[in-house]
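Asks: Give me a model of this one.
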Amino acid sequence: MSSPSQGAGPNEQPRISIYDVEANDPDGRLVTRAHLSESDLTQISEVMAAMGSLRESEDKLSEASLAYMKLGRTDMRALHFLIVMANKGTIVTPGAIAAHLRISTASTTKLLDRLERGGHVTRSIHPLDRRAFAIEITAETREAAMQTVGRQHAKRFEAAARLSPAEREVVTRFLLDTAQQLDVSGEGWAQGGAA
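Replies: Numbering: from 1, shown residues only. Presented below is the predicted three-dimensional model:
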C-alpha cells in the first residue's frame with residue numbers, strides 16, 4: 001500500500017484516505033482481513049472511497065436543493081413522494097404521507113400546514129372519501145423541483161445506463177448487500193438503548 005505521506009510536498013498535508021481499512025481499523029478489531037491480499041485491501045478501500053464520494057455528492061445536492069427550495073429535508077421528501085404518487089395516478093392522503101415519512105399525525109399536520117402556507121401543496125376533499133383530504137403538489141413547486149433536484153437525480157440513470165447488464169447486476173447486489181449490512185433496526189444503541 002502507498003505510504004500515508006505519498007504525494008505530499010514539504011508544505012502540504014499528507015493525503016490519507018479516510019476510507020482506508022488500515023487507517024480506520026489498524027488492529028483488526030472491526031474488519032477481519034487476514035485472508036485478503038494487499039491488492040484486495042487497496043481495491044476495497046477504493047470502493048469505500050467511491051461510496052464516500054457518492055455520499056458527499058448526494059449531501060451537496062441535498063443541501064443545495066434545500067437552500068434553493070427553502071424547505072427542510074422532511075418537506076422535500078414529502079414533495080418527492082407527492083410527485084411520484086401523482087405520476088402513478090395515486091391520490092395521496094395525509095395518512096399516506098405520515099406512513100411514508102414515518103412521522104406522527106400531528107407532525108404531518110404541521111408539515112402540510114407549512115407546505116400549504118408556502119404555496120407548495122393544496123388540500124382538497126378526497127374524491128372517494130369525503131372524510132379524508134387529498135394532497136397535491138402545486139404545478140409551480142413540481143416544476144421547480146423537476147428542473148433542479150429532479151434533473152440532477154436523473155443523472156444517476158445515465159450512470160447506470162452506461163453499465164453493462166452484468167455490471168448492473170453486480171452493482172445492484174453490492175448496494176443491496178451494503179444497505180442490509182448497514183441496517184441498524186436491530187441495534188440497541190441505534191434505538192436509544194444500551195449496546
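Asks: Could you use CA atoms for every contact and neighbour count after this?
Replies: Fine.
Asks: In the helix or strand of the chain with the lowest mean pLDDT, which of the residues would be classed as buried?
Replies: The weakest-scoring helix or strand in the chain, judged by mean pLDDT, DSSP states H and E, is helix 21-24 (a mean of 84). Counting neighbours by 16 or more other C-alpha atoms under 10 Å, one finds that the buried residues in helix 21-24 are 21, 22.
Asks: Can you tell me what sits against that helix?
Replies: Here helix 21-24 makes contact (C-alpha atoms under 8 Å, 6 or more residues apart in numbering) with 17, 18, 31, 41, 45.
Asks: who wins for most neighbours among those residues?
Replies: In terms of neighbours by other C-alpha atoms under 10 Å, those top out with residue 45 at 18 neighbours.
Asks: Would it be right to say that residue 146 lies in a helix?
Replies: Yes - remark: residue 146 belongs to a helix, assigned using DSSP: H, G, I helix; E, B strand; the rest coil.
Asks: got a pLDDT number for the spatially most central residue of the chain?
Replies: Central residue of the chain (C-alpha atoms, centre = their mean): residue 58, 6.8 Å from the mean position. On pLDDT, residue 58 comes in at 90.
Asks: before we move on, which element is it in?
Replies: helix 38-69 (DSSP states H and E).
Asks: Dump the helix or strand that that helix is followed by to PDB, keeping only the CA atoms.
Replies: Using DSSP H and E, the helix or strand that follows helix 38-69 in sequence is helix 73-87. Only the C-alpha atoms of helix 73-87 are listed here, as PDB (Å, rounded to 0.1, in the frame of the first residue of the first chain):
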ATOM      1  CA  ARG A  73     -35.300  17.600   4.500                       C
ATOM      2  CA  THR A  74     -38.700  16.100   5.500                       C
ATOM      3  CA  ASP A  75     -40.600  18.700   3.400                       C
ATOM      4  CA  MET A  76     -38.500  17.700   0.400                       C
ATOM      5  CA  ARG A  77     -39.100  14.000   1.000                       C
ATOM      6  CA  ALA A  78     -42.900  14.700   1.200                       C
ATOM      7  CA  LEU A  79     -42.800  16.700  -2.100                       C
ATOM      8  CA  HIS A  80     -40.800  13.900  -3.800                       C
ATOM      9  CA  PHE A  81     -43.400  11.400  -2.600                       C
ATOM     10  CA  LEU A  82     -46.200  13.600  -3.900                       C
ATOM     11  CA  ILE A  83     -44.600  13.800  -7.400                       C
ATOM     12  CA  VAL A  84     -44.100  10.100  -7.600                       C
ATOM     13  CA  MET A  85     -47.600   9.300  -6.500                       C
ATOM     14  CA  ALA A  86     -49.000  11.900  -8.900                       C
ATOM     15  CA  ASN A  87     -47.000  10.200 -11.700                       C
END
